[in-house]
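Engineer: Quick one, structure for this:
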Amino acid sequence: MRARHIYTLPRMPVISRFAPSPTGYLHLGHAYSAWMAWRRADVFRLRLEDIDRTRCRPEYYSAIEEDLHWLGLNWQGEVRVQSAHMADYAAALAKLQARGLLYPCFCTRADIARAATAPHGPEGIYPGICRHLSSTEQDARITSGTPYALRLNVAKAHAEAGVLRFFEENTGWTEAQPERLGDVVLARKDTPASYHLCVVHDDALQDITHVIRGEDLREATHIHVLLQNLLGLPTPIYAHHKLLRGADGKRLAKRDNSATLRALRAAGADAAVIFKSFGES
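Structural biologist: Modelled structure (predicted):
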């Protein structure tokens, strides 16, 4: 009897990334997120998401790299610094604008807050106040100098894209429901590109195959999958890990002055002990 040959496809390399914003020093929650992405990776990328120029400070850029080196989490390739590539994001934004998928929103935060108190409206979702303004009214407001943001018309975009699915580890195939986040902002006058736009552009540019990030960004995945389709970009595999929390039950955050890696290092902490405390999550 002739021997049977069993052929198996080669395993594709896992390319993941850690993408903090240099708006403060890294804390244990960041270390956990970076470790979760690094431990799975064949290739590990670093990206600094610094499009919010009002909050980013020079000392945090080098501090992020110092903290990761101390942890032993080394990356491959150049560090992607988003603020150096605004023209890339403007080009992606222009593609969406040319398809009529964006509209100017002149609402202030107070306008949105007042609308959010109206009955029967979905909580936390932009109520579409400016979505149906005529082009004449839009032009008049822009000409008058009224500040505005550019929002994605999610319903229109989703109708064009059709049914979208993505794979999330531990969950499986999921149908994207971008309406859950409403008409998200993709650009503002002071920040000409948003997190949602930049992250999908850069994940494709850096050949990311697995996006491993905190569960607080799980809902954003639905918008990201839609944008990937609209821009002709690949959709990676997603995994969303737990968030580290303090004794008060709140997730660790810069705004709450969570203990920084910089302070732990100065106090003589051992990176190996930190990783051991994470367990086998």
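Engineer: Show me how far the lowest-mean-pLDDT helix or strand in the chain is from its chain's centre.
Structural biologist: Every helix and strand in the chain was compared by mean pLDDT, DSSP states H and E; the lowest is helix 109-116, with a mean of 75. Centroid separation for helix 109-116 versus its chain: 25 Å, with Cα atoms, centre = their mean, to the nearest Å.
Engineer: which secondary structure elements does that helix contact?
Structural biologist: Counting contacts by 3 or more Cβ pairs under 8 Å, 6 or more residues apart in numbering; DSSP states H and E, helix 109-116 is packed against no other helix or strand. Placement of C-beta: from N, CA and C, glycine included.
Engineer: how about the helices in the stretch 151-281 of the chain?
Structural biologist: Here the stretch 151-281 of the chain has its helices, by DSSP state H, counting those that start in this stretch, at 154-161, 195-205, 220-230, 261-266, 271-278.
Engineer: Arrange these in a markdown table, one row each, with mean pLDDT as further columns.
Structural biologist: A markdown table is the format used below for these (pLDDT from 0 to 100):
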| stretch | mean pLDDT |
| --- | --- |
| helix 154-161 | 97 |
| helix 195-205 | 98 |
| helix 220-230 | 98 |
| helix 261-266 | 91 |
| helix 271-278 | 86 |
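Engineer: Where does pLDDT dip in the chain?
Structural biologist: 1-10, 115-123, 246-258, 280-281 (pLDDT under 70).
Engineer: Residue 60 is nearest to which of the helices of the stretch 151-281 of the chain?
Structural biologist: Comparison of the helices of the stretch 151-281 of the chain against residue 60 by Cβ to Cβ identifies helix 261-266 as nearest, at 10.1 Å.
Engineer: Now tell me what touches that closest one from outside.
Structural biologist: Outside helix 261-266, the residues that touch it by Cβ atoms under 8 Å, 6 or more residues apart in numbering are 25, 26, 27, 28, 30, 31, 63, 66, 67, 70, 71, 274.
Engineer: can you tell me how far the last one sits from residue 264?
Structural biologist: Applying Cβ to Cβ, to the nearest Å, one obtains 7 Å for the distance of residue 274 from residue 264.
Engineer: Same question for the fifth one.
Structural biologist: From residue 30 over to residue 264 the distance is 12 Å, taken as Cβ to Cβ.
Engineer: and these two? which has more neighbours close in?
Structural biologist: residue 30 (24 against 19; other Cβ atoms under 10 Å).
Engineer: Next, that one: phi, psi?
Structural biologist: phi -60, psi -40 (degrees, to the nearest 10).
Engineer: For the nearest residue to it once chain neighbours are set aside, grab the count of nearby residues.
Structural biologist: Spatial nearest neighbour of residue 30, chain neighbours left out: residue 20 (5.8 Å); criterion: Cβ to Cβ, 6 or more residues apart in numbering. Counted with other Cβ under 10 Å, residues neighbouring residue 20 total 20.
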